[in-house]
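Chemist: Could you work out the structure for the sequence below:
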Amino acid sequence: MSTMTRAALASAAALFSASLALAHGDVAPQPVNTDALPDIGEDWLTENPYRDAGEEVWQAAVSIGASGYNQNCARCHGLEVISGGLAPDLRFLEAEEYGDEWFMERFREGYTQNGITKMPAFGELLGQKAAWAIRTYVETRPDDAMIDERQDELKAIRDHLASGDVDVDATVARLTEIAGEIETLSGAPVADSIAFRAAGQLQAYPDDLTHAAETLTIGLSAAH
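Modeler: Numbering: from 1, shown residues only. This is a model prediction of the structure:
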């Protein structure tokens, strides 16, 4: 969490709130709008260019990746990348070059087993920027066990927000502390957890407690 500033938390609010409500993807590949991301050339890379590209680019990649993932991948790999066993749990794919190469090979070429297409090839259909945005979203998924350990406090914060009688600065500070304690399963340095998102929403919109409460409610439900 030390690499992310309070300004980054604020900008995260608008980027992440919409992705929480998205459900499973459609069968046909859905296009992903990547206009907000910097160009990375035509040659396919072997390492995620958005991982260390700065806070603004990272935030955009996670947001765009969330949309792309939920439209195209969640049907098999699970909402919030929590697999139900139908497909590999991508949260455990290491956030380093080896994991990037494995992810990109499957994304570009798809996967066929015994003549049956288990995963379609997305490379030519969605493009490289969408691929790395989805990769960025996937690798920032939090360790759900760590969220479980803090679910009682997160529920209490949610209920407190719903009451409307809240010290917003203190609540942002505590959510930020909780977010800093939650790790990713991939080894990526920052977890895009519900505590991280709710803190960003509260900081950006201190008079709108409802959205932060909904973020916690939906996130806690998705984890189970």
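
Chemist: which SS state does the residue sitting nearest the centre point of the chain fall under?
Modeler: Using Cα atoms, centre = their mean, the residue of the chain that lies closest to the mean C-alpha position is residue 137, 3.9 Å off. Here residue 137 is recorded as helix under DSSP: H, G, I helix; E, B strand; the rest coil.

Chemist: which ones are touching the closest residue in space to it that isn't next to it in sequence?
Modeler: In space, and not counting its chain neighbours, residue 137 is closest to residue 65: 3.0 Å by Cβ to Cβ, 6 or more residues apart in numbering. Where C-beta positions appear, they are placed from N, C-alpha and C, glycine not excepted. Residue 65 makes contact with 132, 133, 134, 135, 136, 137, 138, according to Cβ atoms under 8 Å, 6 or more residues apart in numbering.

Chemist: residues near the fifth one, how many?
Modeler: In this case it means residue 136. Counted with other Cβ atoms under 10 Å, the neighbours of residue 136 add up to 29.

Chemist: which residues touch it?
Modeler: Here residue 136 is in contact with 48, 50, 51, 58, 61, 62, 65 (criterion: Cβ under 8 Å, 6+ apart).

Chemist: Please tell me how far the fifth one sits from residue 129.
Modeler: Spelled out, that is residue 61. Per Cβ to Cβ, to the nearest Å, residue 61 is found 9 Å from residue 129.

Chemist: Compare those two and say which is more crowded by neighbours.
Modeler: Between residue 61 and residue 129, residue 61 has the larger neighbour count (other Cβ under 10 Å), namely 28 against 22.

Chemist: Now that one: which helix or strand?
Modeler: Assigned by DSSP states H and E, residue 61 belongs to helix 55-72.

Chemist: Dump the C-alpha coordinates for whichever helix or strand comes after that helix into PDB.
Modeler: Next helix or strand after helix 55-72 toward the C-terminus (DSSP H and E): helix 74-77. C-alpha atoms of helix 74-77 as PDB (Å, rounded to 0.1, in the frame of the first residue of the first chain):
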ATOM      1  CA  ALA A  74     -15.900 -14.400 -15.600                       C
ATOM      2  CA  ARG A  75     -18.200 -17.100 -17.000                       C
ATOM      3  CA  CYS A  76     -15.500 -19.700 -16.700                       C
ATOM      4  CA  HIS A  77     -12.900 -18.200 -14.300                       C
END
